[in-house]
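Trainee: requesting a structural model of the entry that follows:
(2 chains)
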Amino acid sequence: MDAWQVWLEPLIKIAIVIGALQGAVAYLILVERKAAAYIQDRLGPNRVGPWGLLQPIADGAKFLLKEEIIPAGADKVLFLLAPVSILATATVAFATIPFGYFVPWPGARPIELTIAPGLDIGLLFVFAVGSLGVYGVVLGGWASNSKYSLLGGLRSSAQLVSYEIPLGLSVIGVMLLSGSMRMETIMTAQAQSGWWWIALQPLGFAVFMVSGCAESARLPFDLPECEQELVGGYHTEYTAMKFGMFALAEYQHLITVAFLSVILYFGGWHVWGLAPFTEGNQVGLIGAAVRVAVLAIKVLLMILLFMWIRWSWPRFRYDQLMTVAWKVMIPLGLLNLVVSAVAQEFLAPNDYMTRCVLAWLAVGGCVLYAALFSNVAAPEPKRPQASPQA
Amino acid sequence: MKPDDRNIKWVVEPQLGLAGRMYLTPFIDGLTTTARHFFSTVAGGQMTRQFPEERPEFGNPLIYRGVHRLNKDEQGRVKCVACFLCATACPAHCIDIIGAEAPWNDREKYPLSFVIDELRCIYCGMCEEACPVDAVELTTLFDLTGASREEMIFDKEKLLSVYDQTIAQEPMRSRGGSGAFPRMPAKGA
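Mentor: Numbering: from 1, shown residues only, chains lettered A, B, ... in the order given. So this is what the prediction gives:
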């Protein structure tokens, strides 16, 4: 453990990850705007640079140069602390996302590409730190000295706190299957079994996607700000870069959720056919590059799916949002947990086929239950009777 | 409106089929709709017009109401006879005319100054309707800008220059003839 390994290496990795993350967020916002435009029969930003490629830079410059306003009567310290805390927690959650490692030459010490590699409670850490973002939301809403912000903050915090529970429940099945909360181990377990956990945990995946969408406040669940309906939510009073930090944090949450879903359910960097490059302990530079590339492509596809969903499905009403969390997602998460635990207890450790059949039977049962009992059509509305005077 | 009004159409919420109640078809419907629009735009079916490069087409330029112009007659003189009908008709009070004795003998008056405040104008076209000699007309110029408010107050010279600028594309809509009023016979003649 020389100074290089303790201080310099993590610092370099932090710099790379933060830089890459901010750049990725900037360009993902461009991709999102383009995708939104194409879905709405428009072209999207195309004036700044070829195909609008310099738009993120223009946006960033705009955020930096706009006037910073702190409302009168706002609690200055908390008002400034809110965007910092929300962005900091969103970034820290990224510290354990594994990008693998490589061995520069045979016999050398493997160089980890993760900031905090091999954290045994990796998954727990991401959830714990990610849920700290609620503080930023509440602080921002409260410190603004504005009723709209306060109401927005309360709405968001209720939503975020509610969806923490199904989010946590949904991944327990994955932990049971992999026998670990270490993300590297979860990926290795999928590669070794030859099954991606999406096949064995469809219910868990559905709950995870819905809760992850809600946690990152994406459109079917974007009650915190809902563009068309609210004044602006908890960040109503924020301007310039402070608002930009809220937006960045929200996008980083989305990226984290996409990474988690790929790592937990889609095998991380595992792809059949590329195994000679990506598996094994002695991974060279090429293997590491292939791993990162596969992971990045899968995450990008996941984010594109989120963007696609954003414009496809209507927003929930607030009571529906709470109903979905407490009456649908938590029971589904519990069911998934029970099925996974029973399978883990009574089946052979490598009997993935039976687990798969069991899991999909559970999904079928839920869908049938929804169709037959819980979702009957609303009764025909009563017509008002003609009044006798008429 | 009474509940039994025959103009009220009572709509019943459509019943979902089994697949709809499984939440499957509504989700897939939403996704396919957006995907269809996405790919049709990729294939070039977008609604966007690239404005400064692509100029819009006017359905009927004759009835488009853009920036005003002051028409000239065959001899290059301003057609306006300073009758103040446009200024009177203008609901926004944006036309300011100073009339004077005409130097020509086919009309009594001509505008010494004719000013339209283009920022105050609501582009209703009433001046064009009111004008008895078809002197003031609204063109299809719609993207006129100025760096200051003063710049957007158009005087006679500027309005005449709009005529010079647009006459090639937009012929005068006058009813033909010189359009000028004959000089009124002198009293007691």
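Trainee: what about A:Val138, which SS state?
Mentor: Three-state call for A:Val138 (DSSP: H, G, I helix; E, B strand; the rest coil): helix.
Trainee: can you get me a residue count around the nearest residue to A:Val25 once chain neighbours are set aside?
Mentor: Once flanking residues are discounted, A:Val25 sits nearest to A:Tyr251: 4.6 Å by C-beta to C-beta, 6 or more residues apart in numbering or on different chains. C-beta coordinates here come from the backbone N, C-alpha and C atoms, glycine included. Neighbour count for A:Tyr251, taken as other C-beta atoms under 10 Å in any protein chain shown: 21.
Trainee: can you check the pLDDT for A:Tyr251?
Mentor: What the model reports for A:Tyr251 is a pLDDT of 89.
Trainee: how close does it get to A:Phe94?
Mentor: Remark: distance between A:Tyr251 and A:Phe94 (C-beta to C-beta, to the nearest Å) = 12 Å.
Trainee: and B:Ala35, helix, strand or coil?
Mentor: helix.
Trainee: wait, it touches A:Trp311, no?
Mentor: No: look at B:Ala35 against A:Trp311 with C-beta atoms under 8 Å: they stay out of range, at 10.0 Å.
Trainee: so how far is A:Gly23 from the residue nearest to A:Val25?
Mentor: Taking C-beta to C-beta, one finds A:Tyr251 at 12 Å from A:Gly23.
Trainee: and A:Ala206, by the same measure?
Mentor: 32 Å.
Trainee: again with A:Tyr318
Mentor: 35 Å.
Trainee: try B:Asp4
Mentor: 64 Å.
Trainee: then A:Ala128?
Mentor: In this view, A:Ala128 and A:Gly23 are 27 Å apart by C-beta to C-beta.
Trainee: looking at the two, which one has more neighbours?
Mentor: Set side by side, A:Ala128 and A:Gly23 show unequal neighbour counts under other C-beta under 10 Å, the larger going to A:Ala128 at 15 against 11.
Trainee: circling back: tell me the buried residues in the host helix or strand of the residue nearest to A:Val25?
Mentor: According to DSSP states H and E, A:Tyr251 maps onto helix A:240-265. By 16 or more other C-beta atoms under 10 Å in any protein chain shown, the buried positions in helix A:240-265 come out as A:241-265.
Trainee: what count of nearby residues applies to A:Ile16?
Mentor: Count around A:Ile16 with other C-beta under 10 Å applied: 13.
Trainee: what sits against the residue nearest in space to the middle of chain A?
Mentor: Nearest to the mean C-alpha position of chain A, by C-alpha atoms, centre = their mean, lies A:Val257 at 2.0 Å. By C-beta atoms under 8 Å, 6 or more residues apart in numbering or on different chains, the contact set of A:Val257 is A:212-213, A:215-216, A:306.
Trainee: the chain: strands as residue ranges?
Mentor: No chain was given, so I picked chain A. A:101-102, A:111-112 (DSSP state E).
Trainee: if you could check chain B rather than the one you did, that'd help
Mentor: With DSSP E as the criterion, chain B has strands at B:68-70, B:95-101, B:109-117, B:136-138, B:153-154.
Trainee: what's the average pLDDT for the first one?
Mentor: For strand B:68-70, the per-residue pLDDT values average out at 92.
Trainee: what distance do you get for A:Leu28 to B:Ile167?
Mentor: As judged by C-beta to C-beta, A:Leu28 and B:Ile167 stand 52 Å apart.
Trainee: which parts of chain B sit against chain A?
Mentor: B:2-4, B:10, B:12-13, B:15-16, B:18, B:21-24, B:27, B:30-31, B:33-35, B:37-38, B:40-42, B:45-48 (C-beta under 8 Å from any C-beta of the partner chain).
Trainee: low-confidence ranges in chain A?
Mentor: Applying pLDDT under 70 to chain A flags the ranges A:1, A:275-282, A:374-390.
Trainee: mind giving me the domain split of chain B?
Mentor: B:16-47, B:61-166 (automatic domain parsing).
Trainee: okay, the residue nearest to B:Ala87 when sequence neighbours are not counted: pLDDT?
Mentor: Nearest residue to B:Ala87 in three dimensions, chain neighbours excluded: B:Ile95, at 4.2 Å (C-beta to C-beta, 6+ apart). B:Ile95 is assigned 94 on the pLDDT scale.
Trainee: distance of B:Val78 from B:Ile97?
Mentor: The spacing between B:Val78 and B:Ile97, counted by C-beta to C-beta, is 11 Å.
Trainee: repeat that for B:Arg55.
Mentor: B:Arg55 sits 33 Å away from B:Ile97, going by C-beta to C-beta.
Trainee: repeat that for A:Ala90.
Mentor: Relative to B:Ile97, A:Ala90 is positioned 65 Å away (C-beta to C-beta).
Trainee: look at those two and report which has more neighbours.
Mentor: Higher neighbour count among A:Ala90 and B:Ile97: A:Ala90, with 28 against 18, using other C-beta under 10 Å.
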